[in-house]
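>>> Pasting the sequence and the predicted model now:
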Amino acid sequence: MCGIVGYAGHRQAVPILLRALKDLEYRGYDSAGIAVLDGDSLSITKRQGKIANLESAINATASGTVGIGHTRWATHGRPSDQNAHPHVSCDERVVVIHNGIVENYAPLREALGARGHVFRSETDTETVAHLLEEEMRAGADLFEALRRTAQRIEGSQAVVAMSLDEPGVLAAARLGNAGGVVIGFGDGEMVVASDLAAVLPITQDVAFLSDGQVARVTPKGAEVRTVSGEPVPLQRKRVPIDPVTALKGQYPHFMLKEIHEQPEALADTIWSLATLEPPALYFDDLGPAADRLPDVDRVILIGMGTSLHAAMLGQRYIEAFARVPASVDNGSEFRYRDPVVDERTLVVSVSQSGETVDVLEAMAVARAAGAVQVTVCNTEGAQTTRVADGTVYTRAGLERGVASTKCFSSAVVALYLFALRLAQAKGRISQSELAAHLGELAQLPRAVADVIANRERYRRVAARLAQAQHALFLGRGLAHPVAMEGALKLKEISYIHAEGYAAGEMKHGPIALIEPAFPTVAIATQHALRAKMVSNIEQIQARGGPVIGVVSEGDEELTALCDEVITVPRVSSWLEPVVSVVPLQLVAYDVAVHRGCDVDQPRNLAKTVTVE
Ligand code: AGP
């Protein structure tokens, strides 16, 4: 979950690293640090808290054209200056940044201590600095030292190191699925980082390290070997992400910007996978998965958090359109429950980042069982795209807010289209049915734009929710995942306790919570289930609970019944989740701002979760 970046080139490293760390800060913000090398001098600055603290502490004269930087999400050792990365060896000649966990750090630390190493922090990372020092003392250069160290540490992690003995060289390793390592090839300068956000301001010419690879990076290029020493040819590619999407522009927060980008993001997702004239689907990145789709007899969708909620909708679409039995699971549960999976099982992983370790570990289980795998991902070249047989890219553009918004709605439409693609492969959809679905999808970006344009109407709802300590979100059918997503958005950025439930569950327990200070958000846009939602709303109101309804335009009965309403445009019932979720995102945003919360960097969270 930490952000890591290294630079080797011809420009001063400090401003480049600071800028990169700001681009990576969404990955963790417990502390930040920078080390720069200038000939035989090493300068390190690190501070607890956000990058701003580091920036005000850093020595403006710290010069050097090679350096590393880190922004931390604490795992071992509390957030403090002392535990902030980079960490150094005893002789202060080797310096290291790290993302992930050294699982055998305790015995390593004990053994290193017994050999005279002195530890300055409580972190697992520091063991890596001391191990590198030992390997270099034994005659290895930095690259070789990291390769050998990689064989001594256990767990999933990414490391970048540099040494006073080899100024101008960075060594980087990716071990397991704890986090990506991207190498960027600039003009006489190189960058290595945990993700693209830090590389794109310098170059779009990149290569990704795979699990078990170590790189030697200098201003002139990179050499890669496996941990066991075999050379690896680098596969460079030009990533099509526009660096402008990484900027906040006129918006006070990335989250608000990304909510507003949804009409365009949805259009990009839809029209990168389909055309209306003629009605057709284009899944160019399905690779070998495409040929296996006709034989699939079961689908399991996996994801975490918001992506799990998108997967829940994908399950409904796949069962409805392709008529293949489908289930949905958290990656973290799937991995450990010994699931029934074989070569006719299709595992669809959903991950915005493509780096979530719970999802990657679940994919490893699916792979071992011979399943065909498709990943729905927003990040070009991410690890899920390299593990899966095929990819469905969501093309929503870079998402920086920790609270996922545009990537949720884009994943939902990508899954909708993929369900149609599977239905085609299974011979379960006619050309006219496909045309009808695509025609409805074509209306969606406009409908979402209308929802966003009505933002002022939702402010009263936000003001009311901002006073609450707790809130319940209820929905039936396709509105159930929306209820879960609405509750997640509210709790993660405003710290109001919120739960999303299938509305039918309410009377089996949660109804005991209902009282005048406990609001319920009822998503009542699923027309086939509307009458049941009306009953649920009446049951809540009979117990004195206020109800905020999310209702379709023109639904006078529900508008009159609810204490507050959010009206959304009428769209096909399959697509209602997308128009219903957008006002819930906006309301969560306004509540968080009203309560003075840090919207883009909520406490304890990180955008990409690379530890189990
Ligand atoms: C949602 O707002 C959160 N950021 C979180 O639940 C997120 O969706 C989850 O960590 C999964 O991330 P992924 O899509 O990158 O795999």
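Alright, I've got the coordinates. Residues are numbered from 1 along each chain as shown.
>>> Can you list the residue ranges for helices in the stretch 301-450 of the chain?
305-317, 331-336, 357-368, 383-387, 406-425, 431-453 (DSSP state H, counting those that start in this stretch).
>>> Just give the closest residue to the closest residue to the ligand within the chain, not the sequence neighbours.
Relative to the ligand, the nearest point of the chain is Gly305 (1.8 Å; C-beta to the nearest ligand atom). For glycine as for every other residue, the C-beta is placed from the backbone atoms N, C-alpha and C. Distances taken as C-beta to C-beta, 6 or more residues apart in numbering place Leu488 nearest to Gly305, at 6.6 Å, with adjacent residues excluded.
>>> Identify the residues contacting that neighbour.
Gly305, Thr306, His309, Ala498, Gly500 (C-beta atoms under 8 Å, 6 or more residues apart in numbering).
>>> out of those, which is most surrounded?
Within the contacts of Leu488, most neighbours by other C-beta atoms under 10 Å means His309, with 30 neighbours.
>>> Just the pLDDT for the residue most central in space within the chain.
Closest to where the C-alpha atoms of the chain average out (C-alpha atoms, centre = their mean) is Ser353, at 3.9 Å. Reading off the confidence values, Ser353 has pLDDT 91.
>>> buried sites along stretch 250-264?
Within stretch 250-264, the residues that count as buried by 16 or more other C-beta atoms under 10 Å are His253, Phe254, Met255, Leu256, Lys257, Glu258, Ile259, His260, Glu261, Gln262, Pro263.
>>> now do stretch 148-157
Arg148, Thr149, Ala150, Ile153, Gly155, Ser156, Gln157.
>>> Looking at those, which gets the smallest pLDDT?
Ser156 (84).
>>> my guess is it meets Ile101, correct?
Yes - the criterion here is C-beta atoms under 8 Å, and Ser156 meets it with Ile101 at 7.0 Å.
>>> near the ligand, which residues of the stretch 401-550 of the chain show up?
For the stretch 401-550 of the chain, the contact set with the ligand under C-beta under 6 Å from any ligand atom comprises Val402, Ala403, Ser404, Glu492.
>>> actually the chain, not the one I wrote
304-307, 351-353, 356, 359, 402-404, 492, 608-609.
>>> at 5 Å what do you get?
By C-beta under 5 Å from any ligand atom, the residues of the chain that approach the ligand are Met304, Gly305, Thr306, Ser307, Ser351, Gln352, Ser353, Thr356, Ala403, Ser404, Val609.
>>> so what's the fourth one up against?
Which is Ser307. Ser307 neighbours (C-beta under 8 Å, 6+ apart): Val350, Ser351, Gln352, Thr356, Val359, Ser404, Cys407, Phe408, Ala411.
>>> Counting neighbours, what do you get for the closest residue to the third one other than its chain neighbours?
Read that as Gln352. Closest residue in space to Gln352, ignoring its immediate chain neighbours: Cys407 at 4.0 Å, by C-beta to C-beta, 6+ apart. Per other C-beta under 10 Å, the neighbour tally for Cys407 reads 30.
>>> thinking again about what came up before, with distance to Arg421 and secondary structure added, can I get the buried residues of stretch 250-264 in JSON lines?
Shown next, in JSON lines, are the buried residues of stretch 250-264 (distance: C-beta to C-beta, whole Å; DSSP: H, G, I helix; E, B strand; the rest coil):
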{"residue": "His253", "distance to Arg421": "35", "secondary structure": "coil"}
{"residue": "Phe254", "distance to Arg421": "31", "secondary structure": "helix"}
{"residue": "Met255", "distance to Arg421": "31", "secondary structure": "helix"}
{"residue": "Leu256", "distance to Arg421": "33", "secondary structure": "helix"}
{"residue": "Lys257", "distance to Arg421": "31", "secondary structure": "helix"}
{"residue": "Glu258", "distance to Arg421": "26", "secondary structure": "helix"}
{"residue": "Ile259", "distance to Arg421": "28", "secondary structure": "helix"}
{"residue": "His260", "distance to Arg421": "29", "secondary structure": "helix"}
{"residue": "Glu261", "distance to Arg421": "25", "secondary structure": "coil"}
{"residue": "Gln262", "distance to Arg421": "23", "secondary structure": "helix"}
{"residue": "Pro263", "distance to Arg421": "23", "secondary structure": "helix"}
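>>> In a markdown table, list the residues you listed along with distance to Leu37.
Converted to a markdown table, those look like this (distance: C-beta to C-beta, whole Å):
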| residue | distance to Leu37 |
| --- | --- |
| His253 | 36 |
| Phe254 | 32 |
| Met255 | 37 |
| Leu256 | 40 |
| Lys257 | 36 |
| Glu258 | 37 |
| Ile259 | 42 |
| His260 | 42 |
| Glu261 | 39 |
| Gln262 | 44 |
| Pro263 | 47 |
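>>> which one of the residues you listed sits closest to Asn604?
The closest of these to Asn604 turns out to be Met255 (C-beta to C-beta; 16.7 Å).
>>> Val359 is in contact with Val347, correct?
No - Val347 is beyond contact range of Val359, at 10.2 Å (criterion: C-beta under 8 Å).
>>> that older thread, is the residue nearest to Gly305 part of a helix or strand, or is it coil?
helix (DSSP: H, G, I helix; E, B strand; the rest coil).
>>> Kindly report the same for the one 10 residues further on.
At Ala498, secondary structure determined by three-state DSSP is strand.
>>> hang on, isn't it packed against Leu472?
Yes - at 7.4 Å, Ala498 counts as touching Leu472 under the criterion of C-beta under 8 Å.
>>> Touching both of those two, which residues are there?
Ala487.
>>> Alpha carbons of stretch 565-578, in CSV - could you do that?
Extracted in CSV, the C-alpha atoms of stretch 565-578 (Å, rounded to 0.1, in the frame of the first residue of the first chain):
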residue,chain,number,x,y,z
VAL,A,565,-36.1,12.2,-2.0
ILE,A,566,-33.4,12.0,-4.5
THR,A,567,-35.0,11.7,-8.0
VAL,A,568,-33.0,10.1,-10.8
PRO,A,569,-33.8,9.8,-14.5
ARG,A,570,-35.7,6.7,-15.8
VAL,A,571,-33.4,4.3,-17.6
SER,A,572,-33.5,0.6,-18.4
SER,A,573,-33.9,-1.2,-15.0
TRP,A,574,-30.6,-3.0,-15.7
LEU,A,575,-28.8,0.3,-15.7
GLU,A,576,-30.6,1.9,-12.8
PRO,A,577,-27.7,1.0,-10.4
VAL,A,578,-25.5,3.4,-12.3
